[in-house]
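Chemist: My questions concern the predicted model and sequence given below.
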Amino acid sequence: MAAIPLWAQLINLLAALLLLLAFAMLAQRRVLTLVDLFAAQGFALACSTAIVAFATHQPHLYWSAALTLALKVGLLPWLLLRMIRQLDVQWDVEGLINIPMTMLIGIVLVVFAFNLAYPIAQLANTVTRATLGIAMASVMLSFLMMITRRKAIPQVIGFLSMENGLLFAATSATYGMPMVVELGIALDVLVGVLILGVFFFQIREQFDSLDLKHLEKLKETEE
Amino acid sequence: MIEIFAVLGVPLAGALLLAVIGEREEAPIANVVVCGATLAAAAALTVRVISSGPLLVADKLFFVDPFNVFLVALTAFVGFTTSIFSHPYMRIEHAHGRVTAGRLRLYHSMYQLFNFTMLLALLTNNMGILWVALEGATLATVLLVSLYRTPESLEAAWKYFILCGVGIAQALFGTILLYFAAERILGAEGGALLWTELNAVKGQLEPTVLSLAFVFLLVGYGTKVGLVPLHNWLPDAHAEGPTPVSAVLSGLLLNVALYAVVRCKVLVEGSLHTSFAKELMMGFGLVSVVVAAFLLSRQKDIKRMFAYSSIEHMGIITFAFGIGGAIANFAALLHMTVHSLTKSAIFFAVGHAAQKTGTQAMDGIRGLITISPLIGWGLVLGSLAILGMPPFGVFASEFLILTTAMREQPWATPFLLLALGVAFAAVFSKVQPMVFGETSARRLPARPAMAPVFVHLALVLLLGLWIPPVLAEWYRQAARLIG
């Protein structure tokens, strides 16, 4: 068996880190720490993109890495922190989640994701194909996080972290999407967060809280 | 080429313009003018495509073929008539104090942006841009759904954002998988996300990857189409947002999302050579038709009821595309057109009816024909049309779909017939007392715009009696293209 080059090992390391961070987010109740974890995940994503760019000589991936760095590590966490401070929800703690149970479901999801990714990873001719399963797993973990959270900001962080996982899938399986598409995705994410920001204030103004339990009026059984 | 840029540029410029002047007295007029200009550009594009065939321009980034050209024309047309309807409607809402001037500015600007994103989604050749545009369409409409800032509208908008956001993330994953499969054949530089390129090599794409990609794409875009069980956001968003927004969501956005699904289906079908994609679409379609039909009778809110009717019709269209083949595709395209026209007409009538009676609860709406014969008849005729009564166009397309289903998928016909029957009973029994009987209506501060309702219904009637040969030829070409 041929030795794995250093950069491929680095990418595997970062992929593992990404998954670990996804689990950490799943288990984290405090909003501020969640933002930090999200920024760390973005940083791992940017590093791995840059390493793929270096190893495969794909100049456009450097741009993609820079974009990730600016958006996911700089701008979005800053925006989120600002919103959290303005809404005065720094000390919000998510009370209603059963962490051990969520973690167990998370592990099942990871196994499922690896199984799902296996046939595709076999086909990939990129050197980083092993990480496809991890990317898929972190998408699913973020999804789980969104389902289990009852507060607005953690749900949104779950949403953004899902997007991290997707971008990681894009780099690890295909060496990145065409630049115009990546720019478009980045724009959508940014606009999405801004709109959500407006939205948080509207929800707050209306309900005096960002707890989504207030948003459960519209049901089918109104009889 | 210039026509394509005009179709996209006009609404984008309109969005910027209205972001500045959107709260002024003349903003609704400006909105109509911009939509009119978009419609003119779309008409020019249509004429161009009829005379010189499909276009592929700007480094293959945009393309027009028979499939999307008719949707572009339809989108621009309904966008225009909705803007005419929205003029008095939003003025009345403003007078009733439901929206402030600042929110009207947001409304007008986002309305144009929404038009832009839909047209971009239709015209782009790049599957990635298609994704970006559809996500953009969600983002543009989220703040429109929550325009009234009531607790219910905020909830509806939040649900809409999160569910469609998650859905569209699945679609992104599907797109990544598609790119992954294509890149192996076309190379990273070969425009591996361009639909025309993909279509040319679809036979060589890796079937395992494509089948997985299609599942993600169908679930993702299917959320936006409102397919059951991914439909939860749809009735809420339609019921709680302003009526012009309900009209364009139902009449246009659902179509555009379905268009994305069909484009993907063409590629997957070419790669797989099995009926996997067909079966998935038929399954989702049929479940949507049946579930939505049974939920119709339980609705209390008039806009919610017609939102469920949209789910039902989207189910029918998805089912028809699932059957595939020249006739079913033809019928599906026709149904897309007539549903879009009829449903937006109904929402126009419903919007004014709700304003007249001051409620959206069907129990509170009574005797429309006595207070306003135009609104009453608009609602009756629209409901009859959407329920598939001859001689309206919906009858023609549903009849075609049913007969094709009987021939090719006989097992599905009982379900379809049952659902259509249930839907008929439910909607008709609710519309009838709203239109006739005692009344409790009030005068409106502005004259309602009923012309769009009757223009739409006249077109649907026309399509039921006689489809112009040019249009029929398009449908046939598009149906062949979809395969």
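Modeler: Now that the structure is in, tell me what you want to look at. Numbering: from 1, shown residues only, chains lettered A, B, ... in the order given.
Chemist: May I ask you to confirm that B:Leu12 is in contact with B:Phe116?
Modeler: Yes. The pair B:Leu12 / B:Phe116 is scored as a contact, 4.8 Å apart, by CB atoms under 8 Å. C-beta here means a position set from N, CA and C on the backbone, and glycine is covered the same way.
Chemist: neighbour count winner among the two?
Modeler: A side-by-side neighbour count of B:Leu12 and B:Phe116, using other CB atoms under 10 Å in any protein chain shown, places B:Phe116 first with 25 against 18.
Chemist: The strand or helix carrying that one: which residues count as buried?
Modeler: Element membership for B:Phe116, per DSSP states H and E: helix B:101-123. Judged by neighbour count (16 or more other CB atoms under 10 Å in any protein chain shown), helix B:101-123 contains these buried residues: B:103-123.
Chemist: what does stretch B:461-471 give?
Modeler: Going by neighbour count (16+ other CB under 10 Å), the buried part of stretch B:461-471 is B:461, B:463-464, B:467.
Chemist: A:Asp36 - that's part of a helix, no?
Modeler: Yes. Counting by DSSP: H, G, I helix; E, B strand; the rest coil, A:Asp36 is part of a helix.
Chemist: In this structure A:Arg30 contacts A:Ile84, no?
Modeler: No. Using CB under 8 Å as the test, A:Arg30 is too far from A:Ile84 to be in contact (10.7 Å).
Chemist: Of the two, give the one with the bigger neighbour count.
Modeler: Set A:Arg30 next to A:Ile84 and count neighbours by other CB under 10 Å: A:Ile84 wins out with 20 against 15.
Chemist: ok, and the closest non-adjacent residue to B:Ser250?
Modeler: Closest residue to B:Ser250 apart from its sequence neighbours, by CB to CB, 6 or more residues apart in numbering or on different chains: B:Ser310 at 4.5 Å.
Chemist: give me the number of residues near that neighbour?
Modeler: Neighbours of B:Ser310 under the rule other CB under 10 Å: 27.
Chemist: could you say which helix or strand contains it?
Modeler: Using DSSP H and E, B:Ser310 maps to helix B:302-323.
Chemist: Follow the chain on from that helix and name the next helix or strand.
Modeler: Counting by DSSP H and E, the next helix or strand C-terminal to helix B:302-323 is helix B:326-357.
Chemist: Any buried residues in the helix or strand following that next one, and which?
Modeler: Where DSSP H and E defines the elements, the next helix or strand beyond helix B:326-357 is helix B:368-371. The neighbour-count check on helix B:368-371 (16+ other CB under 10 Å) flags B:368-369, B:371 as buried.
Chemist: Of those, which are in range of chain A?
Modeler: Among the buried residues of helix B:368-371, proximity to chain A is found for none (CB under 8 Å from any CB of the partner chain).
Chemist: ok, so of these, who is nearest A:Ala117?
Modeler: For the buried residues of helix B:368-371, the closest approach to A:Ala117 (CB to CB) belongs to B:Leu368, at 56.6 Å.
Chemist: Among the buried residues of helix B:368-371, find the lowest-pLDDT one for me.
Modeler: pLDDT across the buried residues of helix B:368-371 is at its lowest for B:Ile371, which sits at 81.
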